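Enquirer: Give the three-dimensional model of this entry:
(one chain, ligands or ions: 1)
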Amino acid sequence: RALDISVVGATGAVGTALIQLLEKSEIAIDRLRLFASSSGARQLKFRDQTYLVEALRDIGDIGDTKTDIAFFSAGGDVSAVWGARFASQGALVIDNSNAFRMKPDVPLIVPQVNACSLTVRPPSGMVANPNCSTIQLVRALRPLMATFGVHQVLLTTYQAASGVGLRGINELEDGAEAWLEGSAGPAAESFPVPLAFNVIPQIGEICREGVALEERKLVQESRKIFGMPHLQLTATCVRVPVRTGHSEAVYVEFDDHVRLEQVRELLANEPGVRLYANDYPTPRFLGDPADVHVGRVRVNPENPRGLWMWVVADNLQVGAALNALLIAQLAIANNLIGET
Ligand code: 2RA
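Expert: The predicted structure is shown next:
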């Protein structure tokens, strides 16, 4: 049946990508409502119709619609209030924020990795979309974790400016332009320090023990998705002057020796993973934005239990919008819509 769908955060980087994916999807839509935190009505085209983007403050009258699926990518505060309310009124809420990811009763889903964990427990039909840097990591690790015993995972991320949304891209470009013109450029707002021609080893606040929030998310979310509460994983998350596309240098230490040919075969046969045998992906020249791109796969010559790989993905697609759409398609296929 055609569905009643809402998108909250419709004019942000992720919301825009999601609406484009929805338009091309086969999901039948009876009613679409678009909400944005920014004031001022805007109009968006969708499947040859024009839709008014409503301000969040207007969201209050959702009582008059039985929303089937509500996508949220407008920040944790909005999700905490309105996501919970949509869910309590029976919607399947697919939330891109950090608000509910670690709640025990909220599934944290990457369909290619833990689709079986997608259950929607009434009355809360909340499903959490993991953090972008987590999604590409677990999609690359999945075939290896399913085959070998893993002792620990170490990684460094190189995350694009669009991780903080359109404002991040604008700040990077304005800062780069100013730098090339010899001026200091705008003060840093989206990042701890100016990002242009720089790298910043901090994403999110520095929590206890000197661990940044982004690094803690990677650990906690990977453990929840794999169902491995004691998985040894540690990371340094770095912001780099790239518009879009997160990169990760990942070191996996297995319980036993690994053969490079077997690892390559596992990655090459993993749906949605593109293996580069003699080349490597870079964010600026990335291929299919729906894929996780893996290159530089090599066994550590000093330790036959250790494997390096370089993992790159579009943080707005793989890391957010596409994963959210795949969760919706999975829920529809599993007849979970209207169950909440
Ligand atoms: C970032 N992963 O890159 C965080 C949120 N998208 O900023």
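Enquirer: so what pLDDT did Lys66 get?
Expert: Looking at Lys66, its pLDDT reads 74.
Enquirer: quick one: secondary structure of the closest residue to Ala91 other than its chain neighbours?
Expert: Of all residues not flanking Ala91 in the chain, Thr67 sits nearest, at 4.1 Å (C-beta to C-beta, 6 or more residues apart in numbering). Every C-beta, even on glycine, is put in place using the N, C-alpha and C of the backbone. What DSSP: H, G, I helix; E, B strand; the rest coil gives for Thr67 is coil.
Enquirer: How much space separates Thr67 from the ligand?
Expert: 25 Å (C-beta to the nearest ligand atom, to the nearest Å).
Enquirer: Report all helices and strands that the helix or strand of the chain with the lowest mean pLDDT contacts.
Expert: Counting by mean pLDDT, DSSP states H and E, the chain has its least confident helix or strand at helix 84-88, which shows a mean of 86. Judged by 3 or more C-beta pairs under 8 Å, 6 or more residues apart in numbering; DSSP states H and E, helix 84-88 is in contact with strand 69-72, strand 92-95.
Enquirer: is the last one anywhere near the ligand?
Expert: No. Contact between strand 92-95 and the ligand, assessed by C-beta under 6 Å from any ligand atom, is absent, since the two come no nearer than 13.1 Å.
Enquirer: Neighbouring strands - and their directions - for that strand?
Expert: Strand 92-95 sits in its sheet next to strand 69-72 (parallel), strand 126-128 (parallel), going by DSSP bridges.
Enquirer: where's the least confident helix or strand of the chain relative to the chain centroid, distance-wise?
Expert: Distance, stretch centre to chain centre, for helix 84-88: 22 Å (C-alpha atoms, centre = their mean, to the nearest Å).
Enquirer: again with stretch 316-333
Expert: Counting by C-alpha atoms, centre = their mean, stretch 316-333 comes out at 10 Å from the chain centroid.
Enquirer: For the strands paired with strand 92-95, give me TSV that also has distance to the ligand and mean pLDDT.
Expert: TSV is the format used below for the strands paired with strand 92-95 (distance: least, C-beta to the nearest ligand atom, whole Å; pLDDT from 0 to 100):
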stretch	distance to the ligand	mean pLDDT
strand 69-72	14	96
strand 126-128	14	95
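Enquirer: winner for burial among those?
Expert: The highest mean neighbour count among the strands paired with strand 92-95, using mean count of other C-beta atoms under 10 Å, belongs to strand 69-72: a mean of 29.
Enquirer: is any part of the following helix or strand past that one close to the ligand?
Expert: Per DSSP states H and E, strand 69-72 leads on to helix 76-78 as the next helix or strand towards the C-terminus. No. For helix 76-78, no contact with the ligand is found by C-beta under 6 Å from any ligand atom; the gap never falls below 10.9 Å.
Enquirer: So which bits of helix 76-78 are buried?
Expert: With burial defined by 16 or more other C-beta atoms under 10 Å, the residues of helix 76-78 counted as buried are Gly76, Val78.
Enquirer: same deal with stretch 259-276?
Expert: Val263, Leu266, Leu267, Glu270, Gly272, Val273, Arg274, Leu275, Tyr276.
Enquirer: Restricted to helices, list those residues.
Expert: Val263, Leu266, Leu267 (DSSP state H).
Enquirer: I'd like those residues as JSON lines, with pLDDT and distance to Ile27 appended.
Expert: Compiled in JSON lines, these are given as follows (pLDDT from 0 to 100; distance: C-beta to C-beta, whole Å):
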{"residue": "Val263", "pLDDT": "98", "distance to Ile27": "36"}
{"residue": "Leu266", "pLDDT": "98", "distance to Ile27": "32"}
{"residue": "Leu267", "pLDDT": "98", "distance to Ile27": "30"}
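Enquirer: which residues does whatever residue of the chain ends up closest to the ligand contact?
Expert: Nearest to the ligand, among the residues of the chain, is Gly163, at 2.1 Å (C-beta to the nearest ligand atom). Neighbour list for Gly163: Cys132, Ile203, Arg239, His246, Asn315 [criterion: C-beta atoms under 8 Å, 6 or more residues apart in numbering].
Enquirer: show me what contacts Ile109?
Expert: Counted by C-beta under 8 Å, 6+ apart, Ile109 has contacts Ala115, Ser117, Leu118, Val127, Ala128, Asn129, Pro130, Ile225, Asn323, Ile327, Leu330.
Enquirer: 7 Å instead, please
Expert: Ser117, Leu118, Val127, Ile327 (C-beta atoms under 7 Å, 6 or more residues apart in numbering).
Enquirer: Leu34 too?
Expert: Applying C-beta under 7 Å, 6+ apart, the residues contacting Leu34 are Val7, Ala10, Leu44, Tyr51, Val53, Glu54.
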